[in-house]
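In: build me a model from this:
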Amino acid sequence: MRSSWMLSLALAVPLLASPARAAAGATYYVDAVAGSDANSGQSESAAWQSLAKASALTLGPGDRLLFRAGQRWQGQLSVKGAGAPGSPALVGAYGTGAKPIIDGAGQVDIAIKLTNSHDLTLDGFEVTNWSNSTTARSGVNLYAKDAGRLENVTLRNLNIHDIDGPGGSHVGAAGLMVSIRGNATPTYFHNLLIEGNEVGKVRSYGIITWSTWSRRNGMTSLYPVETGIPDSEVVTWTPSTGVVIRNNYVHEVTGGGITPMHTRAALIDGNRVHKAATGRLNTKGGNVGIWWQGNDDIVIQRNEVSGTGFNGPGTDGHGFDADADNNRSLVQYNYSHDNDGGFFITVSFSGAPTKNTIVRYNLSKDDGYEVFSLSTETSGTEIYHNTVYAGGRVVVVSPPYTGAGSYPLGKIVHIYNNANGIKIRNNVFVNKTTAGYDAQNSTVYDANVYAGGPAPADMNAIKQDPQLVAPGGAAPADYKLQAGSPARGRGVSLAPGVADYFGTAAPANPDRGFHQYPAALPIATTSYAQLGNHHPFRMIDGDTATSWSSVASGVTFPGTIDVDYRQARTIGSVTLHTAFAGGQAITELDVQTWNGSAWVTQVAGAKLTWSGNNATIEQRTVTLPAPVSTQKLRLVVRKANLQWGNFALYEIS
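Out: Residues are numbered from 1 along each chain as shown. Next comes the predicted model:
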């Protein structure tokens, strides 16, 4: 996901969208130059002129309210009314030229406000609202109050810019805001689409959604200082559903870039966020490129986030944040780079925990201070199949910010307070710094690659150069594995069939990191339960320093060890490699090959004698009567040395 692709997508959406109408309605025209409010408004030659006249209209099914391209209106456009299922209303543009401009000029709190809308599309406007004031203002606000279920609203192709305000993280204002108020009738949006918009130079949030229908667990308040909403109005969590925020470009905002709150199964996909939490007038505090609160089953994928600002320790500044009161967030296929606070943070507070977050198949390049921050009241965070490149960038926070100073990378993984249930597996860490890894609260590290810097305790660690294509480069493809990478085929099986960052499905024995090399590698399986983290892939990883082992009790014979080579190969002999062989080596086995429909025994009852019982690797070879072309090999284990109750195998070659 390259920056140029995301930028062109955001800026090159069609100027004037006129979707086919399923049912006829009236069309109303507004012309700032040639129109008159005394006209009927129902033809281009009899167009209205003012926002006041347009705002007096109540839209119905199939109705269209169109503004002439290339013209400017000052004040507020208030959109009322709604379409119907299959017959949406449209507020858009007509004619040719630049997008029509709605300019609040700092005279109104919101430049375009849509109230209790459903089955309605807002498409193709330029929106601004600036007077260089610190009063909270917004560009576009989709607003609802005690209105029940509101379906099928689309906000697209909008260029929202230069929105003034407090200059910090003020959730009551944004370039594009979706806000739900009230506590009498449960209110939420269903099938809300926010796509193809550019939102930039905003002194608050870029894109944000929130609702007073958000009370659950410990979430009993909705930022009353910033929104003016008393806690008494915040009532039972009633999430918006079918929310999609995709292909938007958000840049140079003082708060968060994209912040969905109070949704179920929302999709945040393909967005570009650059320089969130920058240019702040407030010298304290912090924020995140994309962060979310009070959601269940949200998916954050294929986004690129960079340049998020940082005010020093304790002030966020990350690319992504699973914040308070979230359940089962999935963060995948994202490209995070040059965010001053780090790549990913998860944090909550007592009574509103965040649980079961998955962070997988992402790339983090030169994210600063703490790549992963796992903090208070969070549990079950799984971080796997990510690639992290820490090149040694030093973050500089300049005065007048309260955290002014220089900050080299402090930690790859920093664990705060009671964060628990953390599993960090199958990742590639290229670390050109001395930053380390926290491991408290029973954090599990397993099957990661550590190139440079310190490494935590990891039974399946690879401490070698992962042989990336062009580490330090600006494109995600620069961080793919080369053919000879030691990370290939040596991951723990966590999500077989799930695609990597580039779309290649992971096999049962995956590569480590965010890239799955497309060429198939062998898979090892066994009928015996494994001991601890002694995974079967260790038998075929090409490294006699690693081993597979059966459990230490309950071993029964015969049992099987299978190797699927994923393609036909010719086998003339099988060599077993084992250390401490006198205590744990296989002593009798059959060798079988697969003919496409059944197993064929090539050698029956081969007996192996081992001479030592120490750390020296011994090897014994069983030769087949004749070479056999096969895709699969099976060892039928009939006897083994069981001095410690288990047997082991270091390599099959």
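In: immediately after the helix or strand of the chain with the lowest mean pLDDT, which helix or strand?
Out: Across the helices and strands of the chain, mean pLDDT, DSSP states H and E gives its lowest value to helix 3-11, namely a mean of 36. Per DSSP states H and E, the first helix or strand lying C-terminal to helix 3-11 is strand 27-30.
In: and stretch 162-172, end to end?
Out: With C-alpha to C-alpha, to the nearest Å as the measure, stretch 162-172 spans 17 Å from end to end.
In: run through who's touching that stretch.
Out: Applying C-beta atoms under 8 Å, 6 or more residues apart in numbering, the contact partners of stretch 162-172 are 106, 128-139, 173-175, 201-205, 208, 210, 223, 226-228, 254-256, 259, 277, 279-282, 285-287. Every residue, glycine included, has its C-beta placed from N, CA and C.
In: can I have stretch 247-264 written out in CSV, keeping just the CAs?
Out: What follows is stretch 247-264, C-alpha atoms only, in CSV (Å, rounded to 0.1, in the frame of the first residue of the first chain):
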residue,chain,number,x,y,z
ASN,A,247,-10.5,5.3,1.1
ASN,A,248,-10.4,8.6,2.9
TYR,A,249,-7.3,10.9,3.1
VAL,A,250,-7.0,12.7,6.5
HIS,A,251,-4.0,15.0,7.1
GLU,A,252,-2.8,17.8,9.4
VAL,A,253,-5.3,17.6,12.1
THR,A,254,-4.7,18.4,15.8
GLY,A,255,-6.7,15.5,17.2
GLY,A,256,-7.1,11.9,16.0
GLY,A,257,-7.2,11.2,12.3
ILE,A,258,-10.1,8.7,12.2
THR,A,259,-11.9,7.8,15.4
PRO,A,260,-14.9,5.4,15.3
MET,A,261,-16.8,5.0,18.6
HIS,A,262,-19.8,3.0,19.6
THR,A,263,-20.2,0.6,16.7
ARG,A,264,-20.5,-3.1,16.1
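In: mean confidence for that stretch?
Out: Mean pLDDT, stretch 247-264: 98.
In: so the residue most central in space within the chain bridges to which residues?
Out: Compute the mean C-alpha point of the chain, and by C-alpha atoms, centre = their mean the closest residue is residue 331, 2.8 Å away. Taking DSSP bridges as the rule, residue 331 bridges to residue 300, residue 359.
In: longest strand anywhere in this protein?
Out: Secondary structure assigned by DSSP state E gives strand 618-640 as the longest strand of the chain.
In: so which elements touch that strand?
Out: Contacts defined by 3 or more C-beta pairs under 8 Å, 6 or more residues apart in numbering; DSSP states H and E place strand 618-640 against strand 559-578, strand 586-594, strand 599-607.
In: check the gap between the closest residue to residue 599 other than its chain neighbours and residue 629 for me.
Out: Distance criterion C-beta to C-beta, 6 or more residues apart in numbering; nearest residue to residue 599, sequence neighbours excluded, is residue 592 at 4.4 Å. As judged by C-beta to C-beta, to the nearest Å, residue 592 and residue 629 stand 14 Å apart.
In: more crowded one of those two?
Out: residue 592 (22 against 10; other C-beta atoms under 10 Å).
In: surely the more buried one touches residue 633?
Out: Yes. Between residue 592 and residue 633 there is a contact under C-beta atoms under 8 Å: 7.4 Å.
In: distance of the residue nearest to residue 599 from residue 445?
Out: To residue 445, residue 592 is 37 Å away according to C-beta to C-beta.
In: about what we covered before: just the buried ones from the contacts of stretch 162-172?
Out: Buried by 16 or more other C-beta atoms under 10 Å: 106, 128-130, 136-139, 173-175, 201-205, 208, 210, 226-227, 254-256, 259, 277, 280, 282, 285-287, out of the contacts of stretch 162-172.
In: now, those that are in strands?
Out: The strands, defined by DSSP E, take in 128, 129, 138, 139, 174, 175, 201, 202, 205, 208, 210, 259 from the buried ones among the contacts of stretch 162-172.
In: isn't the first one right up against residue 175?
Out: No. Under the criterion of C-beta under 8 Å, residue 128 makes no contact with residue 175, lying 9.8 Å away.
In: what is in contact with the two at once?
Out: Contacts common to residue 128 and residue 175, judged by C-beta under 8 Å, 6+ apart, are 139, 160, 161, 163.
In: which stretches of the stretch 401-550 of the chain form strands?
Out: With strands called from DSSP state E, counting those that start in this stretch, the stretch 401-550 of the chain shows them at 405-407, 411-415, 423-425, 428-431, 436-437, 444-446, 449-451, 523-526, 548-549.
In: dump those strands to TSV, plus distance to residue 473.
Out: Below are the strands of the stretch 401-550 of the chain laid out as TSV (distance: least, C-beta to C-beta, whole Å):
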stretch	distance to residue 473
strand 405-407	24
strand 411-415	20
strand 423-425	25
strand 428-431	12
strand 436-437	25
strand 444-446	27
strand 449-451	16
strand 523-526	31
strand 548-549	36
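In: can you add mean neighbour count and distance to residue 66 and give these back as a markdown table?
Out: Listed next are the strands of the stretch 401-550 of the chain as a markdown table, based on neighbours: other C-beta atoms under 10 Å; distance: least, C-beta to C-beta, whole Å:
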| stretch | mean neighbour count | distance to residue 66 |
| --- | --- | --- |
| strand 405-407 | 14 | 51 |
| strand 411-415 | 22 | 53 |
| strand 423-425 | 22 | 54 |
| strand 428-431 | 24 | 52 |
| strand 436-437 | 20 | 58 |
| strand 444-446 | 20 | 58 |
| strand 449-451 | 24 | 57 |
| strand 523-526 | 19 | 60 |
| strand 548-549 | 22 | 69 |
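In: quick one: closest of these to residue 382.
Out: Closest to residue 382 of these is strand 423-425 (C-beta to C-beta; 4.9 Å).
In: that closest one pairs with which strands, parallel or anti?
Out: Partner strands for strand 423-425, per DSSP bridges, with pairing direction: strand 382-384 (parallel), strand 444-446 (parallel).
In: alright, I will stop here.
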